[in-house]
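In: Have a look at this prediction, sequence included:
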Protein chains: 2
Amino acid sequence: MRRVAVGLLGLGTVGGGVARLLLGEADRIARRAGKRIELKGVLVRDRAKPRSVEGVSDLLTTDPHRLIDDPSIEVIIETIGGTDRALEWILAALSAGKHVVTANKAVLAEHGGLIFNEARRFGRAVAFEGAVGGGIPIIQALGVALAANEIRSISAILNGTCNFILTSMDQGGLTYSSALAEAQARGYAESDPTLDVDGTDTAHKLAILAQLAFGVNVTIDQIPRGGIDRLQAADVRYAAELGYTVKLLALARLSAAGLTLRVAPTLVRRGTPLAEVGGAFNAIRVFGDAVGETLFYGRGAGMLPTASAVVGDLIDVVVGRAELTSNILNLWSSDRGVPALRPARPDEVRSRYYLRFTIVDRPGVLARLAHVLGDHAISIASVIQHDPGENDGPGSPVPLVIMTHQATEAGVVAALDHIDTLDVVYAPSVRLGVEE
Amino acid sequence: MRRVAVGLLGLGTVGGGVARLLLGEADRIARRAGKRIELKGVLVRDRAKPRSVEGVSDLLTTDPHRLIDDPSIEVIIETIGGTDRALEWILAALSAGKHVVTANKAVLAEHGGLIFNEARRFGRAVAFEGAVGGGIPIIQALGVALAANEIRSISAILNGTCNFILTSMDQGGLTYSSALAEAQARGYAESDPTLDVDGTDTAHKLAILAQLAFGVNVTIDQIPRGGIDRLQAADVRYAAELGYTVKLLALARLSAAGLTLRVAPTLVRRGTPLAEVGGAFNAIRVFGDAVGETLFYGRGAGMLPTASAVVGDLIDVVVGRAELTSNILNLWSSDRGVPALRPARPDEVRSRYYLRFTIVDRPGVLARLAHVLGDHAISIASVIQHDPGENDGPGSPVPLVIMTHQATEAGVVAALDHIDTLDVVYAPSVRLGVEE
């Protein structure tokens, strides 16, 4: 059986999983790839650090060029993450004539154009199934299996840390900070969780999905994004009362008005498949014009789930399919042969909205708010206004929750701007979109 | 742009969808395939019958050999279904040097060995994404994307007709026959629904999934199968009381004991993704040793969803990937290079079980049944025994529902054989497996 030599950059969570599969399941992988895959070297920062992967210690090097410049190595697997060194080494590997497999969403979202131009120039494949949704084969689905479709929308839970926190808030009634502490204690959140909880990680992944599904080159600065870090337990509770759960969604929607992309905590109706995605799982709902609704669910992160995607990509490269896919998809290209999609404007984007106001508890206030909403063509579907607690006297602040019918984003923003200036309103209003 | 001529056999539901996509979305498909796909002819039984697909009328022929023997045609798409003529024409197309795309689960499940041997002999690809799960890309997932994994289990809802009926029974409280009538009225069940409701269709699809996931050649006679046609509304209701819903599941499970395959109405715990699959949708839960739990969800049948899979396959063939996949998967081969899996025996298969007995309403009966279960090492997790209705006197038949802890299938079968002979038992007991 022919052999294919590969080099692995990084031996962290994902890299460790890849090494474990390549060394521990070599026979299985050889059968599936038709060639024996030989892990020839692994780039690490510190060769002396103890490693849990059996058989890896003889392969370690601290010099990336020992791998990138080795002419016998045909594929470089990049699992170091981040953008600077990863970009440098990916480009060096391509220019050395190697195929690249990466699970790095940040480097693709920020430098996809450069990477894929170089891949085309040197005639090499870049495979990246592990970059979005961990082990869930969403890149294959959008790039290959659903190729007959025009994708109309994507609604996705792409960050397991956030979903774990939101599940704890929803099912356990925890506050955001207690839920985050629990996620950290259980290893689902890093000690600095900023890029997860502020929506940056989800936006990186959405930029990649948007490239595949719609052929648009967007940087994350072009994606309006909100995180879960300012979400209040009260809103999760009211959403539940209304029959919804709150999820951090990556949303892409194609309409006559154009393409809408956003990352935001969003109400999802209970009993729909996306609402039932709990804990650290990910799911991607894709609506295609032919296939209709589909959903892809699984572990969005972790050592072996992501390694499953990376080694799957490696097999795809070794079999020869990845090169064909790379050629035909022509990703991050300035030359797509189709007109670019225009972003939809806020006056063209329609959704239902969840609104929470903090108002003075006295007669006539609901009518005043309803009047402002009506002025902006926003009609009310339901209202939650509980009796004030027994310690609250008249005139104390109480929450008022309104679920609207379909309304434009522009109208809702304008109405809330107006409402927040009223003297009967105590605090800035809260607005969340609704996914049906 | 180069052209690829294709011939389509059949213009029913799936064939009509394929023709509509190929004729109506030709530019999109050319972009995704890198070549213009030219639908050169369509085999129909009756050329005079009115057709709803625009532009198809000039392409019709009643002679399959006008397509199969046309040397300019490179790919034959088979959508006629059934096994006799479909097999003949698929084999003829392969021997004429054409690739084949089919959505026909029956012909693959029953004649996969013959078809793939011929495909290998003539060096051609056979692609069949549409054969299982309609538009859900489960064949790609098992054959390509999850290739790094050893698949440990599959639990799948593969028949939309059955799932629609079960959803109506569960949520609407309908009997089986009313639910079937509603499914027929809404076009989700055929006038003769036998092959759907008796589990044959699901078993065909499971045989294909088992080939892909485990490399086993099984015919449906080797798959124990039960349908939903004898399921009683009472069991759906008691399952709901216990926190479960009933689904017709295709099950494949690999354990130290061997491989278990079966099709059976099964209790699925509410709140898990599979339990929430409603109406005519399909879903396939796949557990892989690296990726862990994944789920693939979508429309399992219908004109455009299945056509999405068929045209996706066609693009895969035209790009050149399908041939590589066919070569490496080596499906339905007698020469796999790995030992065949042995079927697990009933004394090795463990599950929880839902049991319903129809017993005499008098003291001591539960104790007698519990004693027999205990003799077979079956312990009881919970019991439902309602008070008899006010019109029922002492000694009248009442249902007794028992949920067991983990037990072997052999033990449960032996215990029920014994219990059904007792004089306090009025009717044969009901046994359903439980999927956690």
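Out: Looks like it arrived, so ask away. Numbers count the residues shown, from 1 in each chain, chains lettered A, B, ... in the order given.
In: And for residue A:353, nearest residue in space, chain neighbours not counted?
Out: Excluding its sequence neighbours, the residue lying closest to residue A:353 (C-beta to C-beta, 6 or more residues apart in numbering or on different chains) is residue A:404, at 4.7 Å. For glycine as for every other residue, the C-beta is placed from the backbone atoms N, C-alpha and C.
In: correction: residue A:80
Out: In space, residue A:80 is closest to residue A:10, 3.8 Å off (C-beta to C-beta, 6+ apart).
In: Quick check, the one you found in contact with residue A:78.
Out: Yes: taking C-beta atoms under 8 Å as the definition, residue A:10 is a contact partner of residue A:78 at 7.0 Å.
In: What helix or strand is residue A:246 located in?
Out: Assessed by DSSP states H and E, residue A:246 sits inside strand A:244-255.
In: And residue A:279, its phi and psi?
Out: phi 60, psi -140 (degrees, to the nearest 10).
In: Report the contact partners of it.
Out: Applying C-beta atoms under 8 Å, 6 or more residues apart in numbering or on different chains, we find residue A:279 in contact with A:160, A:163, A:164, A:167.
In: Enumerate the residues of the stretch 151-300 of chain A near chain B.
Out: With C-beta under 8 Å from any C-beta of the partner chain as the criterion, the stretch 151-300 of chain A meets chain B at residues A:271-273, A:276-277, A:281, A:288-299.
In: Please type out the PyMOL selection for whichever of these turn out to be buried.
Out: Selecting only the buried entries of these in PyMOL, with 16 or more other C-beta atoms under 10 Å in any protein chain shown as the criterion:
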select buried, chain A and resi 272+273+276+277+281+288+289+290+291+292+293+294+295+296+297+298+299
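In: List the ones among the residues of the stretch 151-300 of chain A next to chain B that fall in strands.
Out: Using DSSP state E, A:281, A:288, A:292, A:293, A:294, A:295, A:296, A:297, A:298, A:299 are the members of those that sit in strands.
In: Beta-bridge partners for the third one, please?
Out: Read that as residue A:292. Beta bridges link residue A:292 to residue A:288, judged by DSSP bridges.
In: I'd say it and residue B:135 touch.
Out: Yes: between residue A:292 and residue B:135 a contact is recorded at 6.8 Å, counting by C-beta under 8 Å.
In: Identify the contacts common to those two.
Out: Shared contacts of residue A:292 and residue B:135 (C-beta under 8 Å, 6+ apart): B:298, B:299, B:302, B:304, B:305.
In: Next, give me the two most distant ones among these.
Out: Farthest pair in these (C-beta to C-beta) is B:298 and B:304. Separation: 11.6 Å.
In: what residues do those two have in common as contacts?
Out: Both residue B:298 and residue B:304 are in contact with A:291, A:292, B:135, where contact means C-beta under 8 Å, 6+ apart.
In: how near is the closest residue in space to residue A:66 that isn't next to it in sequence to chain B?
Out: Of all residues not flanking residue A:66 in the chain, residue A:41 sits nearest, at 5.9 Å (C-beta to C-beta, 6+ apart). Computed as C-beta to the nearest C-beta, to the nearest Å, the residue A:41 to chain B distance reads 20 Å.
In: Residue A:41 and residue A:11 touch, don't they?
Out: No: contact criterion C-beta under 8 Å: residue A:41 and residue A:11 do not qualify, at 10.9 Å.
In: which residues are in contact with both of these two?
Out: residue A:60.
In: between the two, who's got more neighbours?
Out: Ranked by neighbour count (other C-beta atoms under 10 Å in any protein chain shown), residue A:41 and residue A:11 place residue A:11 first, with 25 against 20.
In: ok but residue A:227 is inside a strand, no?
Out: No: Residue A:227 is assigned coil when assessed by DSSP: H, G, I helix; E, B strand; the rest coil, not a strand.
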